[in-house]
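J.: return a 3D structure for these sequence lines:
(one chain, ligands or ions: 1)
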Amino acid sequence: MTTPVLLLIILAVVVVLGAGIALIVGRGRKELPPPSELDRVTEEVIEHPEHPEPHLEDEEPVAPVSTIERPEAPQGRLVRLRARLARSQGSLGKGLLAVLSRSTLDDDAWEELEDTLLAADVGVTATDELVANLKTRVRVEGINDPAAAKAALREELVGLINPSFDRTLVDTGADGKPGVVLVVGVNGTGKTTTVGRLARVLVAEDKTVVLGAADTFRAAAADQLQTWGERVGVPTVRGPEGGDPASVGFEAVQRGIADGLDVVLVDTAGRLHTKSGLMDELGKVKRVIEKQAPVTEVLLVIDATTGQNGLTQARVFGEVVDVTGIVLTKLDGTAKGGIVIAVQRELGVPVKFVGLGEGADDLAPFDAEEFVDALLS
Ligand SMILES: Nc1nc2c(ncn2[C@@H]2O[C@H](COP(=O)(O)OP(=O)(O)OP(=O)(O)O)[C@@H](O)[C@H]2O)c(=O)[nH]1
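T.: Residues are numbered from 1 along each chain as shown. Below is the predicted model of the structure:
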């Protein structure tokens, strides 16, 4: 072999080897996050050593929602939902009115009234109170016609639901910080749905919002929340599946402060009130969030169809996180609207919203008089 040919072969081998090495090195580099991302993660670990897990927003993107919706305006929503409430609680109202429209209110009639109230989950003490008050009024005021009896029943029911409770959502923060709303409850009560619907209510009021997906048990839950947000153009802060929920709450509020937003809505994982470890974790979520800004509202979501169990949940959650308002969901799926009275008594805090269907705007602010009127319509 001549020297030029030998040189050519050596040159070709060097070129091929060089290209191969460059390819391998290039692939290795691709797997590292960009330097700016690494810096951010490192900073977070240094800043919050108690939550060492890095949190990347929108880490697992879900399919983007193409158009941003305009949520239903409050007025139209109320008219529509009032009718639905009347339909769902119709049998309770009819039952009560049927008893009161009798020509004589004898012991049997009072007993029947009592049974109807108990069957609607009003609770024993509230039922006893209502029946005793009505009996007295019938006697003292000489009520002897159905219309007057209905008016007295209306007043007594409104009184039991306590119209003086302030039922406005406390979503305004102090010192230029956002309002922070923490949404808690047992599994499947409708927490994520409620956060999504509240975001829509706030967007319809022209407020700026960020969502915190502190349900890190299931990636699907964070996806679900993110989709709710995307539908109305609201961002979601989320963490890795199985990560620290307190960290996600902390970061969501941090984001709310940094971006000068009005409200941070934090969704939490469903937890059984009987599991003390999970309840402790919830207490921690609130404490960690409050390193950034005070939680202005803790909403406990209760499924109206769960009856007595809902009351036990209310008691235990109330002990751990100072519940300030109740959201009663699935009221469309039960005629046991009396739970409104029972749960307020149990916790001493107002029902602020009721869920009346599976639609995106099927959440209504609760109002004592409207509720009773719908019941007795
Ligand atoms: N009929 C009716 N269904 C509702 C209402 N609110 C929520 N739901 C339904 O209840 C189911 C559970 O809702 P989610 O929001 O996923 O409940 P969650 O509490 O976040 O559930 P976990 O994260 O598993 O604890 C969904 O199918 C909702 O559509 C309501 O007011 N009426």
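
J.: CA atoms for contacts and neighbours, from now on please.
T.: Fine.

J.: immediately after the helix or strand hosting Val201, which helix or strand?
T.: In this structure, Val201 sits in helix 191-204 according to DSSP states H and E. For helix 191-204, the following helix or strand on the C-terminal side (DSSP H and E) is strand 209-214.

J.: what residues does the stretch 201-350 of the chain have near the ligand?
T.: The stretch 201-350 of the chain comes close to the ligand at residues 221, 269-270, 329-330, 332-333, as judged by C-alpha under 6 Å from any ligand atom.

J.: who's in contact with the residue lying closest to Arg82 once chain neighbours are set aside?
T.: In this structure, Arg82 finds its nearest non-sequential neighbour in Ala374, 6.6 Å apart by C-alpha to C-alpha, 6 or more residues apart in numbering. If you count contacts by C-alpha atoms under 8 Å, 6 or more residues apart in numbering, Ala374 has them with 82-83, 85-86, 89-90.

J.: in PyMOL, select just the buried ones from these.
T.: Remark: buried members of the contacts of Ala374, expressed as a PyMOL selection using 16 or more other C-alpha atoms under 10 Å:
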select buried, resi 82+85+86+89+90
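
J.: export the contacts of Ala374 as a markdown table, with columns for secondary structure.
T.: What follows is the contacts of Ala374, written out as a markdown table (DSSP: H, G, I helix; E, B strand; the rest coil):
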| residue | secondary structure |
| --- | --- |
| Arg82 | helix |
| Ala83 | helix |
| Leu85 | helix |
| Ala86 | helix |
| Gln89 | coil |
| Gly90 | helix |
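
J.: closest to the ligand out of the contacts of Ala374?
T.: Leu85 (10.9 Å; C-alpha to the nearest ligand atom).

J.: can you report how many residues neighbour Val79?
T.: Using other C-alpha atoms under 10 Å, Val79 is surrounded by 11 other residues.

J.: and it, what element?
T.: Counting by DSSP H and E, Val79 is part of helix 74-88.

J.: neighbouring contacts of that helix?
T.: Counting by C-alpha under 8 Å, 6+ apart, 201, 204, 331-335, 356, 361-362, 364, 370-371, 374-377 sit against helix 74-88.

J.: those residues in helices, which ones?
T.: Counting by DSSP state H, the part of the contacts of helix 74-88 found in helices is 201, 204, 370-371, 374-375.

J.: please identify which of the residues you listed is nearest to Glu72.
T.: Of all the ones in helices among the contacts of helix 74-88, Ala204 has the smallest distance to Glu72: 7.3 Å, by C-alpha to C-alpha.

J.: which residue comes closest to that closest one once chain neighbours are left out?
T.: In space, and not counting its chain neighbours, Ala204 is closest to Pro71: 5.8 Å by C-alpha to C-alpha, 6+ apart.

J.: OK, contacts around that neighbour?
T.: Contacts for Pro71 (C-alpha under 8 Å, 6+ apart) come out as 200-201, 203-204, 232, 361.

J.: quick one, domains of this structure?
T.: Here the domain parsing of the chain from the TED database is 74-161, 179-367.

J.: distance between the first one and the chain's centre?
T.: Here domain 74-161 shows a centroid-to-chain-centroid distance of 30 Å under the convention C-alpha atoms, centre = their mean, to the nearest Å.

J.: so Phe353 is in which element?
T.: Per DSSP H and E: strand 351-355 holds Phe353.

J.: note down every partner strand of that strand and its orientation.
T.: Paired with strand 351-355 in the same sheet, following DSSP bridges, are strand 325-329 (parallel), strand 363-365 (antiparallel).

J.: make a markdown table from these and add mean neighbour count, distance to Asp115 and mean pLDDT to it.
T.: Shown next, in a markdown table, are the strands paired with strand 351-355 (neighbours: other C-alpha atoms under 10 Å; distance: least, C-alpha to C-alpha, whole Å; pLDDT from 0 to 100):
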| stretch | mean neighbour count | distance to Asp115 | mean pLDDT |
| --- | --- | --- | --- |
| strand 325-329 | 27 | 23 | 96 |
| strand 363-365 | 23 | 29 | 92 |
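
J.: for stretch 194-212, which residues meet the burial criterion?
T.: Neighbour counts using 16+ other C-alpha under 10 Å place 194-204, 208-212 of stretch 194-212 among the buried residues.

J.: now do the helices in this structure.
T.: Assigned by DSSP H, the chain shows helices spanning 3-30, 35-47, 74-88, 90-100, 107-119, 124-140, 146-161, 191-204, 219-231, 245-258, 276-289, 308-321, 339-347, 368-375.

J.: now do the same contact list for Val234.
T.: 199, 208-211.

J.: before we move on, the earlier item: farthest-apart pair in the ones in helices among the contacts of helix 74-88, please.
T.: The widest separation within the ones in helices among the contacts of helix 74-88 (C-alpha to C-alpha) is 28.1 Å, between Ala204 and Leu375.

J.: can you count the residues close to the nearest residue to Gly90 once chain neighbours are set aside?
T.: Nearest residue to Gly90 in three dimensions, chain neighbours excluded: Leu375, at 6.1 Å (C-alpha to C-alpha, 6+ apart). Look at Leu375: counted by other C-alpha under 10 Å, it has 24 neighbours.

J.: ditto for Val124
T.: Residues lying near Val124 (other C-alpha under 10 Å) number 14.

J.: correct me, but it touches Leu118?
T.: Yes. At 6.7 Å, Val124 and Leu118 qualify as touching, with contact defined as C-alpha atoms under 8 Å.

J.: picking up where we left off before, rank the domains of the chain by pLDDT, which is bottom?
T.: The minimum mean pLDDT among the domains of the chain belongs to domain 74-161 (a mean of 88).
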